[in-house]
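below is the sequence, then the predicted model.
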Amino acid sequence: MEKLRPFFAGILLLASSLQAQPSSFHFFNPDKLVDIQGTVQRIDLEETYGKRSKFLVLTILSMEQGTCRVEVCPQWFLENDITVGMKIRIRGSLLSEAEGNPYLIAQEISLQGERIVLRDRRGFPLWSQHGIQDGSGNRKGPGRHGKR
């Protein structure tokens, strides 16, 4: 039994470290689509899915929903200039955040009269498809109108 004590201590340590971390796994649910309109209040780049690529995450102030956080897409996929104060329309899958504020995973966004599709109707991200690189090896996405 004495030899098993370090083993059990290791398992307890692992279990407690897993419990201490918040669950960051979430997924697009096409059955929970909502449309919101509002004004961009904040723009963040977050490592939403590990260290693969930083995601554009917007904080939107909407008349209907109040303050919403919106996970848009990887930073490299969208080069439209989005600025604080810009009016935006978002169609996305509604989740809820721990603080109680709505959290959406965007399927498409509309800004300055342009509609940009980010995910197909099932929620599959368009940036994951093959053939979205240009000849120079750079990844290309929709709505490329200059540098970010």
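Received, thanks. Numbers count the residues shown, from 1 in each chain.

for the chain, what spans make up the strands?
Under the criterion DSSP state E, the chain contains strands at 33-46, 55-62, 66-74, 87-96, 102-111, 114-117.

mean neighbour count for the ones you listed - can I get that in JSON lines?
C-beta coordinates here come from the backbone N, C-alpha and C atoms, glycine included. JSON lines is the format used below for these (neighbours: other CB atoms under 10 Å):
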{"stretch": "strand 33-46", "mean neighbour count": "15"}
{"stretch": "strand 55-62", "mean neighbour count": "20"}
{"stretch": "strand 66-74", "mean neighbour count": "20"}
{"stretch": "strand 87-96", "mean neighbour count": "18"}
{"stretch": "strand 102-111", "mean neighbour count": "21"}
{"stretch": "strand 114-117", "mean neighbour count": "14"}
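
between those, which gets nearest to residue 128?
strand 66-74 (9.6 Å; CB to CB).

paired strands for that closest one, with orientation please.
Sheet pairing of strand 66-74 (DSSP bridges) gives strand 55-62 (antiparallel), strand 102-111 (parallel).

many thanks, I have nothing further to ask.
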